[in-house]
Each structure stands twice: as structure tokens, then as C-alpha cells.
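Colleague: sequence? don't have it. structure:
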């Protein structure tokens, strides 16, 4: 089974989850609530819609702010995360999720100029 | 955004060389030449997927119709491998498998060791696309960690914009015209409706004549050009012939065209001839 890192991971928001069931995706949003077990949390996208993320192993750090999650979308529209990284905002420049959402719409409007495809290099 | 990423820089450079002569005059042929001259020196924002699937003819790569040599990509470092002479990263921008990025290390420079970036760092890579034994990689002259994550967003937009602007054959001149319009927009007064009209037109595959003039300016200019008389055509004549345009708009157009050098006054301030002969 191919490592999820080595395949294309389309950038999506909550509205697009249903079109990517059982496919790898990259989801960017703001952390909303972290479950006490640390194994699941919710994120809101640039449109304010909330998605749920589930982890294999509980979180080992405080999760907050803007985060980028990579994982497979389950039948129920939950993102089964393989990995995540927090988007740094330590230089005092907040990450604009709404602007990112606008960019998302554009790259999906022009897939010929922003393709998510291809295999690993030779 | 226009000052970030070399794409705008090199095109603006082309715009500056054009503008002394061709501020608002048609820059069709100039635009064509400019493209041929600067093709090898453009730096194009790309996705990893585009670099992987680019076609190759000798040493030249093409993404669709767009020639790419120097490129920028933005992604997250998945792995780092440092050797004596170079640092190898794998940079993932989500569009494909991570791209191999090689950065040569200056062994004379003791400060370089501190600049090795660790996995999990978002970076902007600037470098040249290479292919060796069918294996694509980027040889980077710059690997800069991002401090502002909004650069991820702006790179996405820059990629779509750059490839769209460089791709369509009909907008080749618009791309050149658009950039010289942008240059003239920042140089001349913002009230120049003509330039702004062309920029908008360039995007949607313009129906507008892309010479930096708006509709009424173009109509007035055409009329003045078509007049064979020595003393030129008077403003009153123009008003009669273009009944749909108010006298004020006509006077403003005449003043603008005169300032730009398209027309000149003859026997008095009401009569004008075109500077372009034998159209």
C-alpha cells in the first residue's frame, strides 16, 4: 500500500469532504475542540464549517491555532489523520484561513493549472 | 504580492524597458520580442506535480505551453539528508510525491551548517528543474523557511495565475501588455481608465483592444486617424460623428491622447491630427 505521503493529497475544505470519501486529502483549518482523550479533535475551515479529525495515537502536545492535516476521508466524512503539522503563527502574522479558502476555490476551478496527480519520481 | 516571487520581477523588468517608448501605444510586436528574449530568464511558480509531468525537449522543460527552467515551489520538508557537499531535502506540496531538492553546500563557508532545515519546516524553494536518468529534481539556489504561512496561499494563487497568463496564445501579448499596463499604472495617475480596462480584459481573454486606451479614447483616436485633411479634424466634428459620446468625454479623451503623443494640435487647439501615419 502506497504511503500517503507519496501520493497526491488534494487540498479541500469541509464542503468537499463528501467528494473525497476513501481518498487522501490535505485539510487546513483552525483547531476548535480537542477531545480529552487526545485522539480526536475538530477543525473549522475558511467557510466556518467544522470537520472531525481522528488520530491513531493520542496527541502528545497542545494543539491549537491553524493546522494542516493529512489523512484519508472515512465513509462518515471523518478525516483519519496520518500526520498533521501546525502552521506557525509565532512571527505575529496570523494565517488567514478565509483567504486560503478562496485560493482553494481557485485551484479547484483551474485544475489544469494546479494538478493533483502523478506518481513518485523515478 | 507583485514583489514576491521572481515571476513578477522579471516581467516588470520587461515592462520597464518597454515603457519609455511604448507607454500607451500598441506594444504587440514589442511584447512578442520581449517574450522571446526573457523566456530563459523567467522564474515560474509551480507545483511539484507540474514539474514531474513537464515534457522535456533536450534541456528545455515545458508545463503545457509554458517553458520552465527556473522555478519556485512551496512545500513542507519531509526529510533532510546532509552530506559534505550538499543538502538533500524532500519537499512535499501535496500535489504529488515529495520532490527531491538538492542544495549545494559552500564548504568554505562555516556558517552553512546552521542553516540545515529540519523535517516539518515549510519552505519556499527557488531553483532549476533538472532531469537525470528520468529522475526529476530541483537544484536549489535558495531554500527559505516560511515565516508567514500565508505564503502558502499566495503561492497557490501565483501558480494558477502564472500558468494561466503564460499559457493562452492569444493572451501572450496581453500578458506583456498587462505587465506594461501594471508598470504604467504604478507610474502614471491611477485615474487612467485605459490601463485598468486592459488588465481586466487580459484575464478573461480580452475582447477589448489592448493598447492601454479605453473605449471612448479608442473611438476618438480612430476618428482622428481617419481624417486625411492637413489641418486635422476639429473637436466639433468629432462630437458630430460620435453622437453617443458627450463633449466633455471627447475633450478629456483628446487631452489624454495628446498628452500620450497619439495626436497633436494643428491650426488651433480644436483641431487635431494623428501622429501615426500610413496606418
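Modeller: In hand now; what should we look at? Since we're looking at a predicted model, the values are computed, not measured.

Colleague: Which parts of chain A are strands?
Modeller: A:11-12, A:24-34, A:40-44, A:50-55, A:66-73, A:79-86 (DSSP state E).

Colleague: So which other helices or strands are in contact with the third one?
Modeller: It stands for strand A:40-44. If you count contacts as 3 or more Cβ pairs under 8 Å, 6 or more residues apart in numbering or on different chains; DSSP states H and E, strand A:40-44 packs onto strand A:24-34, strand A:50-55. Using the backbone N, CA and C atoms, a C-beta is placed for each residue, glycine as well.

Colleague: Now tabulate these in CSV and tack on mean neighbour count, distance to chain B and mean pLDDT.
Modeller: Shown next, in CSV, are the helices and strands packed on strand A:40-44 (neighbours: other Cβ atoms under 10 Å in any protein chain shown; distance: least, Cβ to the nearest Cβ, whole Å; pLDDT from 0 to 100):
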stretch, mean neighbour count, distance to chain B, mean pLDDT
strand A:24-34, 20, 4, 97
strand A:50-55, 19, 16, 97
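
Colleague: ok, the residue nearest the centre of chain A - contacts?
Modeller: Centroid-nearest residue in chain A, with Cα atoms, centre = their mean: residue A:27, separated by 1.4 Å. By Cβ atoms under 8 Å, 6 or more residues apart in numbering or on different chains, residue A:27 lies in contact with A:11, A:12, A:13, A:43, A:45, A:51, A:53, A:68, A:69, A:70, A:71, A:79.

Colleague: what's around the closest residue to the third one other than its chain neighbours, how many residues?
Modeller: Counting by Cβ to Cβ, 6 or more residues apart in numbering or on different chains, residue A:45 is the residue found nearest to residue A:13 once chain neighbours are left out, at 4.0 Å. As a burial measure, the neighbour count of residue A:45 was computed by other Cβ atoms under 10 Å in any protein chain shown and equals 23.

Colleague: Residue A:45 contacts residue A:28, correct?
Modeller: Yes - contact criterion Cβ atoms under 8 Å: residue A:45 and residue A:28 qualify, at 7.4 Å.

Colleague: Next, show the common contact partners of the two.
Modeller: The contact lists of residue A:45 and residue A:28 share residue A:97, where a contact means Cβ under 8 Å, 6+ apart.

Colleague: Residue B:47 - how many residues pack around it?
Modeller: 31.

Colleague: State the next helix or strand along the chain beyond the longest strand along chain B.
Modeller: Counting by DSSP E, the longest strand found in chain B is strand B:70-82. Once the chain leaves strand B:70-82, the next helix or strand it forms, by DSSP states H and E, is strand B:86-92.

Colleague: ok, that following strand: who's next to it in the sheet?
Modeller: Here strand B:86-92 is paired, per DSSP bridges, with strand B:70-82 (antiparallel), strand B:99-104 (antiparallel).

Colleague: got the angle between the longest one and strand A:66-73?
Modeller: Angular relation of strand B:70-82 and strand A:66-73 on a 0 to 180 degree scale: 80 degrees, by axes from the mean of the first three to the mean of the last three Cα atoms, to 10 degrees.

Colleague: average model confidence for strand B:70-82?
Modeller: Per-region confidence: strand B:70-82 scores 97 on mean pLDDT.

Colleague: The stretch 101-250 of chain B against chain A: which residues are in contact?
Modeller: Contact residues (Cβ under 8 Å from any Cβ of the partner chain) of the stretch 101-250 of chain B with chain A: B:120, B:122, B:133-137, B:146-150, B:152-154, B:156-157, B:159-160, B:163-164, B:167.

Colleague: could you give the mean pLDDT of the helix or strand harbouring residue B:51?
Modeller: According to DSSP H and E, residue B:51 maps onto helix B:48-53. The pLDDT scores in helix B:48-53 average 96.
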